[in-house]
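Visitor: build the 3D model from these lines:
(one chain, ligands or ions: 2)
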Amino acid sequence: MEIGDYGEYETAWCPGCGNFPILDAVKSAMAGAGIAPHEVLFVSGIGQAAKAPHYLNVNFFNGLHGRAIPVATGAKLANPELKVIVESGDGCTYGEGGNHFLAALRRNLDLTLIVHDNQIYGLTKGQASPTSDEGFVTKAQPEGVCQEPFHPLATAVVLHGGFVARSFSGMPDHMTEMIRLGIAHKGFSLIDILQPCVSFNKVNTFGWYKKRCYELLEEYDPTDWESAMKTAMEWGEKIPVGVLYKNDRPDYAARLSVLQDGPLVGRKPDPGIVGQILSRYA
Ligand SMILES: Cc1ncc(C[n+]2csc(CCOP(=O)(O)OP(=O)(O)O)c2C)c(N)n1
Ligand code: SF4
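Guide: Numbers count the residues shown, from 1 in each chain. Ligands and ions are numbered 1, 2, ... in the order given. Next up is the predicted model:
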């Protein structure tokens, strides 16, 4: 596959937005993995990040704010042949969609979740998001955010997420590699990508992240849960990027008895049985 196979579209993003390099990295990762546009389904919610699949020549479903994961879950359970990728913002995924994020981690369904984490609500013009740092001042929080930020990677590790990684929009090759590995992982994968919002987040800029992000050393062992917990809580002057945690526990579909007779998409409904069920409600 070539990068051009995924199309080139006009976007509604601000010039210089951290979303652009992520879009390029998604295309590079898919091209590198040889995934054809018809083999993949992108699902997103609402927000600037959630528009990313609009700019790809792929199948996509744009759902409600925070509700991308349930749609993706249904699609994947119905048709396991599909590569299903959820791509949305930090507000959409960890705020409105927070409970679905927790359920996805526990289920370990074979989905890839790419989060554009700009620590702000970009589309609605700059309110604090769940990942905004304490003290972060916005028009809606003029005295600064007065609560602890949500830690998506630590939450993913504590729930034994299948594949838990972080990257930064200023590191194109690193992002591509994390997305490639996440897609290849059998089970749930989270790739949280630090994505500067140049219009509304004047604190967590490209320079801010560049100064802080460091790549995990080669000898770092992502299967060591305790050290992954410690690494996932690291945030501030130093921010680790890479695969923080990984395990190969069975995915949800492998444990769901109803799917053991084959995928739902290939089954023919029996009108007799459907009629019997419906007659109970007549
Ligand atoms: C149920 C619901 N609540 C609130 C909104 C308003 N809304 C639209 S986008 C958004 C936040 C988007 O932030 P994020 O997911 O971080 O994405 P970004 O725009 O920063 O990429 C909100 C609150 C909505 N559309 N639907
Ligand atoms: S508002 Fe922020 S996140 Fe949205 S397109 Fe502009 S720079 Fe990007």
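
Visitor: where do the strands sit along the stretch 101-250 of the chain?
Guide: Using DSSP state E, counting those that start in this stretch, the strands of the stretch 101-250 of the chain run over residues 112-117, 120-121, 127-128, 163-168, 189-194, 213-215, 239-246.

Visitor: how about JSON lines for those strands, with mean neighbour count and distance to C92 added?
Guide: C-beta: built from backbone N, CA, C; applies to glycine. Rendered in JSON lines, the data for those read as follows (neighbours: other C-beta atoms under 10 Å; distance: least, C-beta to C-beta, whole Å):
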{"stretch": "strand 112-117", "mean neighbour count": "28", "distance to C92": "8"}
{"stretch": "strand 120-121", "mean neighbour count": "27", "distance to C92": "9"}
{"stretch": "strand 127-128", "mean neighbour count": "20", "distance to C92": "13"}
{"stretch": "strand 163-168", "mean neighbour count": "28", "distance to C92": "18"}
{"stretch": "strand 189-194", "mean neighbour count": "28", "distance to C92": "13"}
{"stretch": "strand 213-215", "mean neighbour count": "15", "distance to C92": "23"}
{"stretch": "strand 239-246", "mean neighbour count": "22", "distance to C92": "22"}
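
Visitor: adding mean pLDDT and distance to ligand 2 as columns, could you present those strands in a markdown table?
Guide: As requested, these are arranged in a markdown table below (pLDDT from 0 to 100; distance: least, C-beta to the nearest ligand atom, whole Å):
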| stretch | mean pLDDT | distance to ligand 2 |
| --- | --- | --- |
| strand 112-117 | 98 | 8 |
| strand 120-121 | 98 | 7 |
| strand 127-128 | 98 | 12 |
| strand 163-168 | 98 | 15 |
| strand 189-194 | 98 | 12 |
| strand 213-215 | 98 | 19 |
| strand 239-246 | 98 | 19 |
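
Visitor: adding distance to ligand 1, write the ones you listed out as CSV.
Guide: Formatted as CSV, the entries for these read as follows, by distance: least, C-beta to the nearest ligand atom, whole Å:
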stretch, distance to ligand 1
strand 112-117, 6
strand 120-121, 4
strand 127-128, 7
strand 163-168, 16
strand 189-194, 11
strand 213-215, 19
strand 239-246, 18
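
Visitor: in JSON lines: these, plus distance to K230.
Guide: What follows is these, written out as JSON lines (distance: least, C-beta to C-beta, whole Å):
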{"stretch": "strand 112-117", "distance to K230": "20"}
{"stretch": "strand 120-121", "distance to K230": "27"}
{"stretch": "strand 127-128", "distance to K230": "27"}
{"stretch": "strand 163-168", "distance to K230": "13"}
{"stretch": "strand 189-194", "distance to K230": "17"}
{"stretch": "strand 213-215", "distance to K230": "15"}
{"stretch": "strand 239-246", "distance to K230": "10"}
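
Visitor: so which of those strands gets nearest V274?
Guide: strand 112-117 (33.9 Å; C-beta to C-beta).

Visitor: what helices or strands is the closest one leaning on?
Guide: Using 3 or more C-beta pairs under 8 Å, 6 or more residues apart in numbering; DSSP states H and E as the contact test, the elements touching strand 112-117 are helix 19-33, strand 83-89, helix 90, helix 172-184, strand 189-194.

Visitor: tilt between it and strand 189-194?
Guide: 20 degrees (axes from the mean of the first three to the mean of the last three C-alpha atoms, to 10 degrees).

Visitor: and strand 112-117, which strands flank it?
Guide: Here strand 112-117 is paired, per DSSP bridges, with strand 83-89 (parallel), strand 189-194 (parallel).

Visitor: any chance of those strands in a markdown table, with distance to W13 too?
Guide: Listed next are the strands paired with strand 112-117 as a markdown table, based on distance: least, C-beta to C-beta, whole Å:
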| stretch | distance to W13 |
| --- | --- |
| strand 83-89 | 12 |
| strand 189-194 | 15 |
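
Visitor: quick one: closest of these to S279.
Guide: When the strands paired with strand 112-117 are compared for distance to S279 using C-beta to C-beta, the nearest one is strand 83-89, at 35.2 Å.

Visitor: do that closest one and ligand 1 meet?
Guide: Yes - Strand 83-89 comes into contact with ligand 1 (C-beta under 6 Å from any ligand atom), by way of 88-89.

Visitor: right, and the helix or strand after that strand?
Guide: Taking DSSP states H and E as the definition, the helix or strand that follows strand 83-89 towards the C-terminus is helix 90.

Visitor: picking up where we left off before, which one of the helices and strands packed on strand 112-117 lies closest to D5?
Guide: Relative to D5, the nearest member of the helices and strands packed on strand 112-117 by C-beta to C-beta is helix 19-33, separated by 6.9 Å.
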